[in-house]
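In: Coordinates only, no sequence provided:
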Ligand SMILES: Nc1nc2c(c(=O)[nH]1)N=C([C@H](O)[C@H](O)COP(=O)(O)OP(=O)(O)OP(=O)(O)O)CN2
Ligand SMILES: [Zn+2]
């Protein structure tokens, strides 16, 4: 069974690795959406894979680091592409959520990165 929980955060960033003329070189912001996808068996007693509240609690500290911040200043997010944000979240959530199967980071409703581990 696969379950997914979605989160939102607002943040500013710039992409330092793109050419100076690229519009993402300049400081700008996004309303990000993050999806944490977990895969595992449904526990017969509880009726769920993992309590959504447990996922929310596990992600809360990272959400606080990301929300309303300048992503480039966060340790490990010096080049905050959607891909690197997904990887950054994965590396910090995997130990707490062993059933984590994918991290999706949407920069816009039309553009996102999905990381499923190595
Ligand atoms: N593979 C990736 N490509 C790009 C990334 C990325 O993280 N991974 N990021 C960007 C920039 O962050 C850019 O700001 C993305 O915004 P864009 O898709 O242009 O969204 P807008 O809100 O600016 O879109 P409108 O067309 O103005 O609606 C670029 N590429
Ligand atoms: Zn951007």
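Out: Perfect, thanks for sending it. This structure is a prediction, so every number in the text was calculated from the model and none was measured. Ligands and ions are numbered 1, 2, ... in the order given.
In: Up against ligand 1, what does this protein have?
Out: Taking C-beta under 6 Å from any ligand atom as the criterion, the neighbours of ligand 1 within the chain are 15, 24, 28, 81-83, 107-108, 111. Every C-beta, even on glycine, is put in place using the N, C-alpha and C of the backbone.
In: Mind doing that once more with 5 Å?
Out: By the rule C-beta under 5 Å from any ligand atom, the part of the chain lying against ligand 1 is 24, 81-82, 108, 111.
In: So which of the residues you listed are in helices?
Out: residue 82 (DSSP state H).
In: can I get the residues of the chain next to ligand 1 in JSON lines with neighbour count?
Out: Formatted as JSON lines, those follow (neighbours: other C-beta atoms under 10 Å):
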{"residue": "24", "neighbour count": "15"}
{"residue": "81", "neighbour count": "18"}
{"residue": "82", "neighbour count": "19"}
{"residue": "108", "neighbour count": "11"}
{"residue": "111", "neighbour count": "10"}
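In: Specify which member of the residues of the chain next to ligand 1 is nearest to residue 1.
Out: For those, the minimum distance to residue 1 (C-beta to C-beta) is 26.6 Å, reached by residue 82.
In: That closest one is in contact with residue 108, isn't it?
Out: No - Residue 82 lies out of contact with residue 108 (C-beta atoms under 8 Å); the separation is 9.4 Å.
In: what's next to stretch 66-74, contact-wise?
Out: The set of residues external to stretch 66-74 that reach it, using C-beta atoms under 8 Å, 6 or more residues apart in numbering, is 9-14, 16, 32, 65, 77-80, 85.
In: repeat that with 7 Å
Out: Residues outside stretch 66-74 that contact it (C-beta atoms under 7 Å, 6 or more residues apart in numbering) are 9-14, 65, 77-78, 80.
In: Which residues belonging to it are considered buried?
Out: 66, 69, 71-72, 74 (16 or more other C-beta atoms under 10 Å).
In: And the strands in the protein?
Out: Here the chain has its strands, by DSSP state E, at 2-13, 28-39, 69-70, 100-108, 111-115.
In: quick one, the top helix by length along the chain and strand 2-13 angle?
Out: Looking across the chain with DSSP H, the single longest helix is helix 52-66. Here the directions of helix 52-66 and strand 2-13 differ by 10 degrees (axes from the mean of the first three to the mean of the last three C-alpha atoms, to 10 degrees).
In: Thank you kindly, that will do.
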